[in-house]
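Asks: Provided below for reference: sequence and predicted model.
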Amino acid sequence: MSRPLRVLLVEDVEDDALLVLRMLQAGNFKVEHKRVDTPEAMTAALADGPWDLVISDYQMPKFSGGAALALLQKSGLDVPFIVVSGIIGEEIAVGMMRAGAHDYLMKGHLARLVPAVERELLEVEQRRERRQAELRYRRLFESAQEGILILDAATGVIVDVNPFLIKLLGLSRESFLGKKVWELGFFMDIVANEANFAQLQRKDYARYEDIPLETSDGRRIEAEFVSNVYQVNQQKVIQYNISDITERKRAEEALRASEEQLRFRNLILSTQQDASLDGIFVVDDHRRFVSCNRQFVRMWGFPPELAEKKNDQLFLQFATSMLADPPAFLLRVQSIYEHRQETSREEIVLKDGRIFDCYSAPMFGSNDQYYGRVWYFRDITERLMSERIALRSQRMESIGTLAGGVAHDLNNSLAPIMMGVEMLRMQYPDESNLLDILATSARRGADMVKQLLSFARGAEGEHVLLQPARLVRELEKLVIGTFPKNIQLVVECDPELPLVLGDPTQLHQVLLNLCVNARDAMPNGGTLTLEAKSQEVDAIYASSEPGAKPGKYVALRVKDTGTGIPPKILERIFEPFYTTKGPEKGTGLGLSTVMGIIKGHGGFLQVHSQTGQGSTFTAYVPVNPAGNEMKSVIKTAMEFHGQGETILIVEDETMVRRMMCTVLRHLNFNPLTATDGADGLVQAALNRTALRAVMTDLDMPHMDGLVFVRTLRRMLPDIPIMLTSGRMDNEMAEEFKSLGVTRFLDKPFTGEQLAEALNNLLAPK
């Protein structure tokens, strides 16, 4: 943070407060704090804010964490609240989270404190940005100089209306809200009934002109009607934009009916037209500047004297200097004049970012004599901005949903492989090398699935102790197997590399992105060098590298002998979406992702390149500060077998179901299977006396896992139940716990993990 982190500590023990502060400082936070241990002191402190974070003990002599949370909520401040306690149990922790606490930690296990604080601060910033975006949209909605109706797309019920439309039609807000749009009676030419509305539902965009509207006081106006369909907060809505084009239509009719060019000029310069929202500009039959209204001068920023002189050359020079793409617009104007009997409509973009809706129409007299052309310009920047905000929100929500769905399918594909490899290892011990490759690939796929789910949920991957040499060996195999043969790979790896604390999938992605970039930089072949070495960074060296700090690092280096990076491009390579590759070869997110991952691991990235002589990228990852000892993460096979107990497996994926049966039979259990919740209830009823435990999936057709468990509990209230799923939100997990389901096994899992989970499920309580 650029400013100190302001922390309010609700804690009665000074030493415990100092421990929390030391953990935050170790996480590179510059902390300003205040400690309180009574309601009065906390109330005064909240008034003295602002605070970035509240960290509270749960039980204190004069105060409690629950009371502290209530005080914070009463203040109305959007400040993360984290419980840090030495005595809090799972039931109390769940209660605090339900009450609104953002996280809880045990005082003896504060390793999660810094990641939890970073996550909550990021979420506060994201909430602030969402509120600002919503506020900007609301301001645009309220101040728009055209009518806007927001409808529920499924029912046609009006959920919002802006002040402009209320004033235009002379009705109250209550006259709109809660009614179906065809009940209003204003848009009968478009939405006369539910069938007409259904046609609009199927169109993402529709536009209609010359729609007659009658106001509450009997006035008749002509309107332009635009319909857009999009999603907001998972709700599909339709937005109608209604513009009053009465004056414009009157002007067109008058211009077409006139036989005298002077009449056109007088009409354009009338007081009524000067009050128009449209900028109006008129040329004669020789394309000479005739007149314009004041709104046109204001919109384009013309000097008043330029409009008065009517100098065609000066006017053209000024207008083209304002456009983002003058040649394209001038070509379009030339085409319009050549087809002078046709009307035209397009959007034009100015250099300052504004967007004008440009409409033009020919002017004919009663004897069909062509007198010239009238141009109308309307600033639609704010309207397009509001539409793009809504569409961007819909697109990001769709990407998250897609990621979650893909991850679910991959989990079900990987689960049989991970369980089957262990069964094959027992049957074919001489094939350990091949099976190790299969197991490693399956685990890597499972890690990638977790990353997809992390994206869909907005979470981060787990950081564990890992050997950098193992990452290098995996990349070596991948490069040898997939890169062109004209690229020679050289691997240099220190034999005694220290451990680092990180997300193995993310660090694998860093090396893979850098190697792929090196490959693309050598289209005619070359040498790719992959290095991993210990390196100590002193204070002098750290001061010369942005983001670097003194300390011990593992340097992961990727060198190529390719084309190199020109200096003017080198400054931009880490910008998101910046790429020199074609659209079919890259998105421009690779290096920005690499930079984000390395920064997230507390490291820094260094690049050296020279045109024609290749490039070197070095990722510095901090050495694990706790030392170089790591407990083995590979557990030996559990000596756990059943006594022929009957276990019901409820799983809709055939391959997963069959492999789970194979593992359970190997463990000396009698597996029963069901393809969904309804089938599971039938099997449970038929085997209720013999049934010892139930393992059920969450996402299944016909009857999902939650409905199945609710029904099964009424049939067999004490049967042990374990949930197997690849994705489940906190709210769903809490509902299962309320039904007595406390054992969860994340997909994909190995046979060993299945055995361990089953052992815990059947263990005496």
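Replies: Done, it's in.
Asks: looking at the protein, which helix or strand is least sure?
Replies: helix 271-274 (a mean of 44; mean pLDDT, DSSP states H and E).
Asks: which residues touch the helix or strand just after that helix?
Replies: Downstream of helix 271-274, the first helix or strand assigned by DSSP states H and E is strand 279-284. If you take CB atoms under 8 Å, 6 or more residues apart in numbering as the criterion, strand 279-284 is touched by 251, 261, 264-265, 268, 273, 289-293, 295-300, 356, 363, 371-378. To be clear about C-beta, it is placed using only N, CA and C from the backbone, and glycine gets the same treatment.
Asks: By neighbour count, sort out the buried ones in those residues.
Replies: With burial judged by 16 or more other CB atoms under 10 Å, the buried subset of the contacts of strand 279-284 is 251, 261, 264-265, 268, 273, 289-293, 295-297, 299-300, 356, 363, 371-378.
Asks: how deep is H508 tucked in, by neighbour count?
Replies: 19 (other CB atoms under 10 Å).
Asks: Roughly how far does it sit from L384?
Replies: 41 Å (CB to CB, to the nearest Å).
Asks: what does K568 give?
Replies: Taking CB to CB, one finds K568 at 33 Å from L384.
Asks: and these two? which has more neighbours close in?
Replies: L384 (13 against 7).
Asks: Doesn't the more buried one lie inside a strand?
Replies: No: L384 is assigned helix when assessed by DSSP: H, G, I helix; E, B strand; the rest coil, not a strand.
Asks: got a list of what it touches?
Replies: With CB under 8 Å, 6+ apart, L384 has these contacts: I355.
Asks: Start from the N-terminal end of the stretch 151-300 of the chain and give the strands.
Replies: When secondary structure is read from DSSP state E, counting those that start in this stretch, the stretch 151-300 of the chain shows strands at 158-161, 205-214, 220-232, 235-244, 279-284, 289-292.
Asks: and this protein, what are its domains?
Replies: According to automatic domain parsing, the chain comprises the domains 5-126, 144-244, 256-384, 462-622, 646-762.
Asks: pLDDT averaged over the shortest one - what is it?
Replies: Right, the one you point to is domain 144-244. The average pLDDT within domain 144-244 is 81.
Asks: Kindly report the same for the first one.
Replies: Along domain 5-126, the predicted local confidence has a mean pLDDT of 88.
Asks: The last one now?
Replies: Domain 646-762 shows a mean pLDDT of 88.
Asks: Can you give me the end-to-end span of that domain?
Replies: 12 Å (CA to CA, to the nearest Å).
Asks: Would you quantify the distance from E194 to F186?
Replies: The spacing between E194 and F186, counted by CB to CB, is 16 Å.
Asks: quick one: which of those two has more around it?
Replies: Neighbours per residue (other CB under 10 Å) separate E194 from F186, with F186 holding more: 24 against 12.
Asks: Write down the beta-bridge partners of E32, one by one.
Replies: Using DSSP bridges, the bridge partners assigned to E32 are R6.
Asks: mind listing what's buried in the helix or strand hosting I92?
Replies: When elements are defined using DSSP H and E, I92 is found to belong to helix 90-99. Buried residues in helix 90-99, counted by 16+ other CB under 10 Å: 92-94, 96.
Asks: Could you export the strands of the stretch 151-300 of the chain as CSV, including distance to M700?
Replies: Conversion of the strands of the stretch 151-300 of the chain to CSV gives the following (distance: least, CB to CB, whole Å):
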stretch, distance to M700
strand 158-161, 34
strand 205-214, 38
strand 220-232, 27
strand 235-244, 26
strand 279-284, 60
strand 289-292, 67
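Asks: right, so of these, which gets closest to A763?
Replies: strand 235-244 (45.6 Å; CB to CB).
Asks: Does the closest one pack against any helices or strands, and if so which?
Replies: strand 147-152, helix 163-169, strand 220-232, helix 381-427 (3 or more CB pairs under 8 Å, 6 or more residues apart in numbering; DSSP states H and E).
Asks: mind listing what the residue nearest to L200 when sequence neighbours are not counted touches?
Replies: In space, and not counting its chain neighbours, L200 is closest to S227: 5.2 Å by CB to CB, 6 or more residues apart in numbering. By CB under 8 Å, 6+ apart, S227 lies in contact with 200, 203, 205-207, 238-240.
Asks: pLDDT score for the closest residue to E382 other than its chain neighbours?
Replies: On the basis of CB to CB, 6+ apart, the spatially nearest residue to E382 that is not a chain neighbour turns out to be L140, at 4.9 Å. Looking at L140, its pLDDT is 77.
Asks: Now do the buried residues in the host helix or strand of L140.
Replies: Element membership for L140, per DSSP H and E: helix 113-143. Using 16+ other CB under 10 Å as the test for burial, helix 113-143 gives 113-114, 116-121, 124, 137, 140-141.
Asks: and the helix or strand where W375 lies, average pLDDT?
Replies: W375 belongs to strand 370-379 when assigned by DSSP H and E. Averaging pLDDT along strand 370-379 gives 84.
Asks: Mind listing the strands that strand pairs with, and their directions?
Replies: Applying DSSP bridges, one finds strand 370-379 paired with strand 279-284 (antiparallel), strand 355-364 (antiparallel).
Asks: for that strand, the distance to its chain's centre please.
Replies: Put simply, strand 370-379 sits 43 Å off its chain's centre (CA atoms, centre = their mean, to the nearest Å).
Asks: Output the contacting helices and strands for the helix or strand Q753 falls within.
Replies: Counting by DSSP H and E, the element that carries Q753 is helix 751-762. Counting contacts by 3+ CB pairs under 8 Å, 6+ apart, helix 751-762 packs against helix 381-427, helix 654-666, strand 691-697, strand 721-725, strand 743-746.
Asks: circling back to that earlier point, report the separation between the residue nearest to E382 and M363.
Replies: 34 Å.
Asks: now swap in T529 and tell me
Replies: 72 Å.
Asks: ditto for P550
Replies: 76 Å.
Asks: and if you look at L667?
Replies: Where M363 is concerned, L667 sits at a distance of 89 Å (CB to CB).
Asks: coming back round to it: and the helix holding L140 with strand 235-244, angle?
Replies: 30 degrees (axes from the mean of the first three to the mean of the last three CA atoms, to 10 degrees).
Asks: Thanks a lot, catch you later.
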